[in-house]
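*Asks:* Fold the following.
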Amino acid sequence: MTEIIIPGSTPGKEEKKSVQDAFDTLQYSILASGSSGNCTYVESMNHRIMIDAGLSGKRIEALFAQIDRQVSDIDAILVTHEHKDHIHGVGVLSRKYNIPIYANAKTWSAMENMIGKIAPENRQYIEPDTLVSIGDIDVLSYGVSHDAIQPQFYAFQKGKKHFAMLTDTGYVSDRLRSQLKNLSAYLIESNHEIELLRYGKYPWSVKQRILSDKGHLSNEDGALAMKDLIGNNTTDIYLGHLSRDNNTKEFAMASMEDILRYNNFAVNEDFLLHMTDPGEATPLKRL
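*Replies:* Now for the predicted structure:
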């Protein structure tokens with residue numbers, strides 16, 4: 001990368017490094033995470049990306065206000081899959097603010113009748129297992145195992161900073177465990193406590209779907225995946241997509257802490273654990 005020199009100064013190594021760090025800044029907030037709606041925000045100094053818009057446009061605008069940001073400044077909406085809790089507000093916001101929508105071709109075919117008319121120039125494509133640049137943010141897409149037509153999630157990179165999303169999947173493949181290892185920050189699914197789900201009120205067919213390889217990660221599954229993903233670069237882990245009926249924040253956090261501590265990780269020392277919420281944005285985090 002070209003060396004940046006501040007006018008009127010003769011920078012030393014530390015000054016050059018601080019300028020480089022500023023340009024490599026990656027910030028994010030999990031605006032909403034859960035079965036009632038999902039929306040995440042990622043920004044660099046120059047570009048702003050929304051991932052999914054699974055709530056009403058009005059509600060998403062209010063969540064953006066919680067982190068002192070505006071939907072009108074968004075450069076792109078990335079869609080993970082066509083379920084309503086991920087696309088409810090996608091069409092409304094794209095039309096209102098003229099925002100391009102990125103999804104793979106199969107997801108477009110599944111959701112286009114659900115989100116309303118989209119301007120041709122705002123229909124953009126990003127296929128699984130590709131690396132694209134949206135402005136100065138590099139975006140890696142990767143397939144997951146879920147009961148949607150072609151679900152995919154995303155990792156974001158700016159310089160040496162990374163933020164990866166991994167929810168709405170029945171399991172985490174060995175390939176993903178290798179591909180996403182030792183990143184800076186993660187949003188990992190902690191959807192349900194297995195015993196609460198098994199003895200809960202859901203019909204057996206729904207329980208089977210959730211527990212299947214195309215369902216959702218349990219608290220234990222998410223923690224075991226994180227055990228293999230955490231590395232020396234990891235600073236923050238967010239537990240997301242909790243079920244309203246089959247989980248609690250206390251159960252999710254206890255499972256994650258217990259499994260990681262059992263595997264000799266210094267929880268909340270070498271890295272921090274955070275909860276997400278379906279109705280309150282996490283503070284904007286700078287990596």
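*Asks:* which residues does N219 contact?
*Replies:* S190, N191, H192, E193, I194, N247, F251, A252, S255, M256 (C-beta atoms under 8 Å, 6 or more residues apart in numbering). Glycine gets a C-beta too; all of them are placed from N, C-alpha and C.
*Asks:* so what's the backbone phi/psi at the residue sitting nearest the centre point of the chain?
*Replies:* For the chain, the residue nearest the mean C-alpha position is M165 (3.5 Å; C-alpha atoms, centre = their mean). Main-chain torsions, M165, degrees, to the nearest 10: phi -110, psi 130.
*Asks:* residue ranges of the helices in the stretch 51-200 of the chain, please?
*Replies:* Per DSSP state H, counting those that start in this stretch, the stretch 51-200 of the chain carries helices over the ranges 57-66, 84-87, 90-97, 105-115, 174-179, 194-198.
*Asks:* closest one to G215 among these?
*Replies:* helix 194-198 (9.9 Å; C-beta to C-beta).
*Asks:* Just name whatever secondary elements that closest one is in contact with.
*Replies:* Judged by 3 or more C-beta pairs under 8 Å, 6 or more residues apart in numbering; DSSP states H and E, the packing partners of helix 194-198 are helix 204-211.
*Asks:* same for the helix it packs on, what does it pack against?
*Replies:* Right, helix 204-211 is packed against helix 194-198 by 3+ C-beta pairs under 8 Å, 6+ apart.
*Asks:* Wait, the residue nearest to the centre of the chain touches P151, no?
*Replies:* No: M165 lies out of contact with P151 (C-beta atoms under 8 Å); the separation is 11.5 Å.
*Asks:* anything in contact with each of those two?
*Replies:* T80.
*Asks:* any idea how far H241 is from the nearest residue to R209 once chain neighbours are set aside?
*Replies:* Spatially, and ignoring its direct neighbours in sequence, R209 is nearest to G215 (5.4 Å; C-beta to C-beta, 6 or more residues apart in numbering). Using C-beta to C-beta, to the nearest Å, one obtains 11 Å as the distance from G215 to H241.
*Asks:* higher neighbour count, those two?
*Replies:* Neighbours were counted for G215 and for H241 using other C-beta atoms under 10 Å; H241 has more, 27 against 23.
*Asks:* Could you tell me how far the closest residue in space to that one that isn't next to it in sequence is located from I188?
*Replies:* Among residues not flanking H241 along the chain, T167 sits closest, at 4.3 Å (C-beta to C-beta, 6+ apart). Plainly put, T167 is 7 Å away from I188 if you go by C-beta to C-beta.
*Asks:* next one: Y202
*Replies:* 23 Å.
*Asks:* Does F265 touch I230 like I think?
*Replies:* Yes: using C-beta under 8 Å, F265 makes contact with I230 at a distance of 6.3 Å.
*Asks:* Overlap in contacts, the two.
*Replies:* F271.
*Asks:* of the two, who's got more company?
*Replies:* For F265 versus I230, the count of surrounding residues by other C-beta under 10 Å is larger for I230: 20 against 17.
*Asks:* Distance-wise, check the more buried one relative to S29.
*Replies:* 21 Å.
*Asks:* where does the stretch 51-200 of the chain dip in pLDDT?
*Replies:* Across the stretch 51-200 of the chain, nothing is flagged by pLDDT under 70.
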